[in-house]
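Trainee: structure for the following, please:
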Amino acid sequence: MRVLASDQARTFVRQRGGRLYVWTTGHRCCSGRLALLAADTARPPGWRREFDPIDAGGFDLFLDTGAHGVPQDLMLEVQGRRPRIRAF
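Mentor: Reported below is the predicted structural model:
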(Lines give C-alpha, C1' and ligand atoms only; values in the text may rest on other atoms or scores of the structure.)
Protein backbone atom coordinates (compact mmCIF):
# COMPACT_ATOMS: atom_id res chain seq x y z
CA MET A 1 0.00 0.00 0.00
CA ARG A 2 1.23 3.46 -0.88
CA VAL A 3 0.69 6.17 1.73
CA LEU A 4 0.16 9.54 0.03
CA ALA A 5 0.21 12.15 2.80
CA SER A 6 0.43 15.90 2.36
CA ASP A 7 3.22 17.71 4.21
CA GLN A 8 0.52 19.26 6.40
CA ALA A 9 -0.83 15.79 7.28
CA ARG A 10 2.63 14.48 8.16
CA THR A 11 3.28 17.50 10.41
CA PHE A 12 -0.18 17.15 12.01
CA VAL A 13 0.50 13.50 12.96
CA ARG A 14 4.04 14.16 14.21
CA GLN A 15 2.87 17.06 16.42
CA ARG A 16 0.32 14.76 18.04
CA GLY A 17 2.66 11.93 19.00
CA GLY A 18 3.64 10.41 15.65
CA ARG A 19 0.89 7.75 15.49
CA LEU A 20 -2.11 7.58 13.18
CA TYR A 21 -4.93 5.05 13.36
CA VAL A 22 -7.12 4.44 10.29
CA TRP A 23 -10.18 2.18 10.31
CA THR A 24 -13.35 1.52 8.34
CA THR A 25 -16.82 2.61 9.43
CA GLY A 26 -20.03 1.24 7.99
CA HIS A 27 -22.88 3.48 6.89
CA ARG A 28 -26.22 3.00 5.18
CA CYS A 29 -27.58 5.39 2.63
CA CYS A 30 -30.13 5.44 -0.17
CA SER A 31 -27.86 3.36 -2.42
CA GLY A 32 -27.09 0.66 0.19
CA ARG A 33 -24.14 -0.07 2.46
CA LEU A 34 -21.12 2.18 2.28
CA ALA A 35 -17.69 1.77 3.91
CA LEU A 36 -15.81 4.95 4.79
CA LEU A 37 -12.43 5.51 6.40
CA ALA A 38 -11.97 7.23 9.73
CA ALA A 39 -8.63 8.48 11.05
CA ASP A 40 -7.34 9.85 14.33
CA THR A 41 -4.06 10.22 16.18
CA ALA A 42 -5.59 8.32 19.13
CA ARG A 43 -6.76 4.72 19.10
CA PRO A 44 -10.58 4.68 19.02
CA PRO A 45 -11.99 3.97 22.51
CA GLY A 46 -13.30 0.45 22.93
CA TRP A 47 -11.82 -0.80 19.64
CA ARG A 48 -11.31 -4.54 19.95
CA ARG A 49 -9.86 -5.55 16.60
CA GLU A 50 -6.15 -5.41 15.91
CA PHE A 51 -4.50 -2.69 13.86
CA ASP A 52 -1.83 -3.70 11.34
CA PRO A 53 1.34 -1.56 11.38
CA ILE A 54 2.11 0.03 8.00
CA ASP A 55 5.30 1.81 6.92
CA ALA A 56 4.17 5.40 6.36
CA GLY A 57 7.61 6.97 6.06
CA GLY A 58 7.98 9.39 8.94
CA PHE A 59 5.22 8.36 11.37
CA ASP A 60 3.58 5.19 12.71
CA LEU A 61 0.44 4.18 10.81
CA PHE A 62 -1.93 1.53 12.15
CA LEU A 63 -4.63 0.23 9.79
CA ASP A 64 -7.77 -1.85 10.33
CA THR A 65 -9.85 -2.29 7.18
CA GLY A 66 -11.90 -5.18 8.55
CA ALA A 67 -13.13 -7.44 5.75
CA HIS A 68 -12.52 -4.77 3.08
CA GLY A 69 -8.86 -5.55 2.42
CA VAL A 70 -5.92 -3.20 2.15
CA PRO A 71 -6.30 -0.41 -0.42
CA GLN A 72 -3.69 0.18 -3.11
CA ASP A 73 -3.33 3.85 -2.07
CA LEU A 74 -4.18 5.67 1.15
CA MET A 75 -4.44 9.46 0.92
CA LEU A 76 -4.14 11.59 4.05
CA GLU A 77 -5.02 15.29 4.29
CA VAL A 78 -5.78 17.83 6.98
CA GLN A 79 -9.09 19.62 6.53
CA GLY A 80 -11.49 21.94 8.30
CA ARG A 81 -11.50 25.08 10.42
CA ARG A 82 -10.60 22.97 13.41
CA PRO A 83 -7.98 20.85 11.67
CA ARG A 84 -8.68 17.12 11.49
CA ILE A 85 -6.92 14.41 9.58
CA ARG A 86 -8.92 12.71 6.83
CA ALA A 87 -8.21 9.41 5.08
CA PHE A 88 -9.38 8.54 1.56
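Trainee: for the record, mean pLDDT for the one helix or strand Arg10 maps to?
Mentor: Remark: Arg10 resides in helix 7-15, with elements defined by DSSP states H and E. The average pLDDT within helix 7-15 is 96.
Trainee: stretch 19-35 too?
Mentor: Per-residue scores along stretch 19-35 average to 76.
Trainee: how near is the spatially most central residue of the chain to Arg81?
Mentor: For the chain, the residue sitting closest to the mean C-alpha position, by C-alpha atoms, centre = their mean, is Val22 at 2.7 Å. For Val22, the distance to Arg81 equals 22 Å [C-beta to C-beta, to the nearest Å]. C-betas here are computed from N, CA, C, even on glycine.
Trainee: next one: Met75
Mentor: 21 Å.
Trainee: out of those two, which sits in the more crowded spot?
Mentor: Met75 (15 against 5; other C-beta atoms under 10 Å).
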